[in-house]
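**Q** would you be able to build a 3D model of this:
(3 chains)
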Amino acid sequence: MKYSYFPGCSLKGLGRAYEESLLPVMKHLGVELQELDDWNCCGATAYMAVDEAKACVLAARNLALAEKQGNRPIMAPCAACYLVLNKTKHYFHDYPAMKETIDRALGAVGLRYSGDTPVRHPLDVLINDVGLEAIKQKVRKPLKGLKIATYYGCQLVRPYATFDDQYNPITMDRLVETLGATVVRYPLKTKCCGGSLTGTVPEAGIRLVYILLNEARKRGADCLATVCPLCQFNLDAYHAQVTAEYGPVLVPTVYFTQLMGLAFGLPERELGLNRAAIPFKWRPTEAPPVKAAAAA
Amino acid sequence: MKQQANGEIRIGFYICHCGHNIAAMVDCPEVAKYVEKLPGVALSRDYKYMCSDPGQELIQKDIREFKLNRVVVASCSPLLHEHTFRSAVEAGGLNPFFFHMVNIREHDSWVHTDRKEATDKAKALARAAVERVAYHQALEVKKVPIHPDVLVVGGGIAGIHAAMTLANAGKKVFLVEREPSIGGHMAKFDKTFPTLDCAACILTPKMSEVGAHKNITLWSYSEVTKVDGYVGNFTVTVKRKPRYINEDLCTGCQECISNCVYKEPKFLDEFNEGLGKRKPVYIPFPQATPQVVLIDPEVCLNFKHGVLIDKCKKTCVEACGEKKAIDFKQTEEIKEIKVGTIIVATGFQTFDAKRVPQYGYGIYPNVYTSLEVERLVNASGPTGGDVLLRDGRHPKAIGIIHCVGSRDKKTNRWCSRVCCMYSLKLAHLLKEHTDAEIFNFYIDMRTPGKSYEEFYDKLLEEGVQFIRGRVGEVTDWAMTPEEEGKLVLRVEDTLAGFVRRIPVDMVVLATGLEPQADAQAVRRMFNISCGSEGFFLERHPKLAPVSTFTDGIYLAGACQGPRDIPDTVAQAGAAAAEALVLIDRGYIEQEPNTAYVLEEECSGCKSCIPLCPYTAITFDEAKEKATINEALCKGCGTCVASCPSGSIAQRLFEDDEIFSEIHGVLVS
Amino acid sequence: MSSTTTKPTSPPAPAVVPWQPRIVAFFCNWCTYTAADLAGVSRLKYASNIRVIRLMCSGRVDPQFILDALARGADGVLIGGCHPGDCHYAEGNYKMLRRFQMLKRMLNDLGIEEQRVRLEWISAAEGEKVKRVVNEMVGQVQKLGRLGIPQKFEEWDKEMEHFAAQVAEKAATSPCACAAPEQPALATA
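**A** The predicted model follows:
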């Protein structure tokens, strides 16, 4: 299982903890990740809204690079990168005019995108390529007693829901249960976190963040698990503003990869848990020693 | 060219203007002039409307006057008027099969935009027809006798009405129904719109009539497994599933049920949509026809996983006493019947609401489908007509969501036609039973039938609230204290212009109508087609809504498309009438396009024998040659094309005829 | 996958060019012919290069028809039948498919391009598909150019005549070893 790894800007910046926990987890599972050489920003949702053609070309460059460097499927952990790359692939296939533009632009720098490279999310890879059985084997410290509200955000399911249900995704739920945790029924799992509104229109953004955190608390969740660095950031970093407006709701938000790392018993300092604003203090207890398997 | 016995070929060619339909794109006079010069053509005319009476009379006059022995008409599709012109030719004294038709409307003037190209194409097609028709021979129509018995598949209101109509006309009807009782979906309804007649009250008398009618053989709990044959001559295999009750001996007293070792009903009740419970021995509903109980071998203690183990006390047998109607050793019975016509009335299934998880069906206990609510409000339902939620409360506010699984690109695109009306009906009934606040969320209010709009007006006066907007989601997360413990519907109120949150206690999903789950398997069995949405395909959507492309098989009811009860009954009557046409005439005329063996040329290689799906070809051991039974041959021509020595020919589609057409279209 | 807002569009009808291919089509009565009628009733517009011959079933299509059409100057042949499993006569279309697979190999050996002979399953409700297939095929065959088998026959005939004339000339002008030897007299009984 080899993939071209596309971290995107946030995993090297504010979403550092995501990469820090993703890489050792993948290595532990035997998934080979080769970071894409000379990758560029995917443009995220902002550029797409400003100039679609340029944005697609920008994103397509990464796809072309992946084809040049070993032609493996791309793994894009950041939900926005995942969506943008996927969208570019769709546009390439569905709109001949866009394909022409991309071909021309890439051709000018000696690159070519065939249209075939798959774009995968780590959740997709974990559930479908690695398999829950293999993951279960690696669990040393089951997350027993941890109640999690799985939060997918919007970009993994809208507009394309490629590996999970659009209204009621469950891949992360299944993953987290395999790790031994309990999934709390959380009806807001795909509700918007506010995205960039927390910065641009705070009244709207902070309110959305509050709704998500409050409901998680009401449902008895010990933490929220996310797949997107912006979701994690919104839910985590604005608790001061949330408290000021609505009152304290200190539910920590972690990346699902961090939970995996904890369950696998990987060294904590490798998981970036110290980077969160609302600290996640819960830790699994050591699992009882595994009894020797009875002779067949 | 083949010559007629006494002389040359004399072809009369007619090209029709069809008003503007053909003439606007094809230069008809030019085509007529072109054809006039072709060999064998005695006269060539263009005319405004060939299919009209004067047009047909013109052909007849010309046949006599010009001693024509072949006729070609270039106009619309033969599927439309071949029959018309053949009859005209016959009336003119010429064998109708000396006629050939050219399609220059559906295949030319209506689909092309360049006048020269369209005219050239018309010339080529006309030439092909002129060359072909010279090879035509005189033929007689095939007459196929029609067996007078009828098979009606499906015992819902459509099947019941069709069966009754035919039985009252004196025909013998086999009514096969898959469920243990007839009645279909209608038996589950409480009241019917717009009159609010009690469904059971209007249905059960018809059901009893069916059960008692001397001309109807009712086989319930049975399925059709195989259909062989063709119009007038179908051989149908029916599998009768074991009830473990002897139908003839059971009186429907239901003592067995009261005395079952299970003191309380324990198993989910299918008729009540899983809202109620039944025992292993049960009757689907009180007015079931036939009034016979049945035993479910999956849960009866006397069986294990459906296999008889004979370990139960069998208090039921004791209670049955002298009637001795219970027979645990009963096995499935295979019956074979011969019928001449078949009416397919297999009905619909409701949309599975789990496919729209945003509405919470199966996630929140108080979200119901419309069929479940029909059972709740029904006095003979699992709660005796008390609208009691799954969590034991009575609802104070109810939301009814229209178009669940209808008018939706992601699930079903069509409008299911009855949901607006039944949602209004349910709103009325729920208001009556609970006096709750009722909200109907609709996209459009579709009330097309007689008294339907007036019914809607009545509802408006009853204080039901109508919100025009497609509900986005049903959720239990509360934004305000008032919403705690409620189900909140988030919807854009498009008339008011903003998004609203409406908290309710109960949500009713107006699920749409779909084809049955096994529609594809069923239609293959009957050799009919399905349309693109999966409902059975009618022969023509406007003019032949009850016949199919397979002669002798008719459609009735929702299996052909979503419809309400009045339309279903009308259609069932229509299907019965069409079947009666065949039965009373006693025969059907079929095109004489059968295959025949040229005996001198047949080498007896037997390549053709296994090819015929109608087993019309057999090997004559004495002659050591293949021989074709014309009565069985349906004229597909597969054997004709497969014969290595070209010893099989097909009337109306002779090799010469087709080669001449190929030549004709390609002459430059 | 969730839908984007695009709709698949059929390729536009080919632009007017000097040379137009001629395509002969064999349509089965119950499905494809009806679908073509539906295309007509729906006033869909498509290329006029096609000439339809109506048969009851695609199973009636003899490979000889296809070859004859090509030999007489067709640039392409289209066969239309019911979808597998839907044949009005149960299995005729399967028999057609079998023959078609064998015929394709033969056509390949003859150097006739695959796009010139096409088998399509078109059901009675698929008027749009008739339009799409016809337009597509005409476009493809147009790119391939004239098949021109009758012209080729003429050329080969001329070639043969030319060679025959050459040989005759040679035999007439110079007696050579290749002249036919005198037949030895047969012994009389």
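**Q** for chain A, just list every one of the helices.
**A** Per DSSP state H, chain A carries helices over the ranges A:8-12, A:16-28, A:44-50, A:52-68, A:79-94, A:96-108, A:122-124, A:132-137, A:171-178, A:197-200, A:202-218, A:229-237, A:239-246, A:256-264.
**Q** for the ones you listed, which one sits closest to B:Gly184?
**A** Closest approach to B:Gly184 among the helices of chain A (CB to CB): helix A:171-178, 39.7 Å. Yep, even glycine has a C-beta here, placed from its N, CA and C like the rest.
**Q** relative to helix A:256-264, how tilted is that closest one?
**A** Relative orientation of helix A:171-178 versus helix A:256-264 (axes from the mean of the first three to the mean of the last three CA atoms, to 10 degrees): 10 degrees.
**Q** any idea of the mean pLDDT for helix A:171-178?
**A** The predicted model gives helix A:171-178 an average pLDDT of 96.
**Q** which pLDDT value goes with the closest residue to B:Arg86 other than its chain neighbours?
**A** Closest residue in space to B:Arg86, ignoring its immediate chain neighbours: B:Pro96 at 3.8 Å, by CB to CB, 6 or more residues apart in numbering or on different chains. We have a pLDDT of 95 for B:Pro96.
**Q** so what's B:Pro96 up against?
**A** For B:Pro96, the contacting residues are B:86-87, B:89-90, by CB atoms under 8 Å, 6 or more residues apart in numbering or on different chains.
**Q** so how far is chain A from it?
**A** Distance, B:Pro96 to chain A, by CB to the nearest CB, to the nearest Å: 53 Å.
**Q** got it, and B:Ile628?
**A** From B:Ile628 over to chain A (counting by CB to the nearest CB), the distance is 52 Å.
**Q** confidence score at that residue?
**A** Reading off the model, B:Ile628 has pLDDT 93.
**Q** tell me what it is bridged to.
**A** Note on B:Ile628: beta-bridge partners B:Ile617, judged by DSSP bridges.
**Q** I'd assumed B:Ala649 was in contact with it.
**A** No - using CB atoms under 8 Å, B:Ile628 is not in contact with B:Ala649, being 10.2 Å away.
**Q** any residues in contact with both of the two?
**A** B:595-596.
**Q** quick one: low-confidence parts of chain A?
**A** Along chain A, the model assigns pLDDT under 70 to residues A:287-296.
**Q** so for chain A, the centremost residue is which one?
**A** A:Val227 (2.9 Å; CA atoms, centre = their mean).
**Q** ok, it to chain C distance?
**A** Taken as CB to the nearest CB, the span from A:Val227 to chain C is 18 Å.
**Q** measure that residue to B:Phe439 for me?
**A** Per CB to CB, to the nearest Å, A:Val227 is found 36 Å from B:Phe439.
**Q** got the CA positions of stretch B:651-667 in PDB?
**A** Extracted in PDB, the C-alpha atoms of stretch B:651-667 (Å, rounded to 0.1, in the frame of the first residue of the first chain):
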ATOM      1  CA  ARG B 651     -42.300 -15.300 -45.100                       C
ATOM      2  CA  LEU B 652     -42.500 -11.500 -45.400                       C
ATOM      3  CA  PHE B 653     -38.700 -11.400 -44.600                       C
ATOM      4  CA  GLU B 654     -37.300 -13.500 -47.400                       C
ATOM      5  CA  ASP B 655     -33.600 -13.200 -48.100                       C
ATOM      6  CA  ASP B 656     -34.400 -11.900 -51.600                       C
ATOM      7  CA  GLU B 657     -36.600  -9.300 -50.100                       C
ATOM      8  CA  ILE B 658     -34.000  -8.000 -47.700                       C
ATOM      9  CA  PHE B 659     -31.100  -8.200 -50.200                       C
ATOM     10  CA  SER B 660     -33.200  -6.100 -52.600                       C
ATOM     11  CA  GLU B 661     -33.800  -3.500 -49.900                       C
ATOM     12  CA  ILE B 662     -30.100  -3.400 -49.200                       C
ATOM     13  CA  HIS B 663     -29.500  -2.900 -52.900                       C
ATOM     14  CA  GLY B 664     -32.200  -0.300 -53.200                       C
ATOM     15  CA  VAL B 665     -30.900   2.000 -50.400                       C
ATOM     16  CA  LEU B 666     -27.400   1.900 -51.700                       C
ATOM     17  CA  VAL B 667     -28.000   2.600 -55.400                       C
END
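**Q** do that stretch and chain C meet?
**A** Yes - counting by CB under 8 Å from any CB of the partner chain, chain C is contacted by stretch B:651-667 at B:653, B:655, B:658-659, B:661-663, B:665-666.
**Q** and the residue positioned nearest the centre of chain C, what does it touch?
**A** Of all residues in chain C, the one closest to the mean position by CA atoms, centre = their mean is C:Val77, 3.3 Å from it. The contact partners of C:Val77, by CB under 8 Å, 6+ apart, come to C:23-26, C:66, C:69-70, C:116-118.
**Q** and with 6 Å instead?
**A** Residues in contact with C:Val77 (CB atoms under 6 Å, 6 or more residues apart in numbering or on different chains) are C:24, C:66, C:69, C:117.
**Q** and B:Ile160, by the same measure?
**A** B:Ile160 touches B:206, B:210, counting by CB under 6 Å, 6+ apart.
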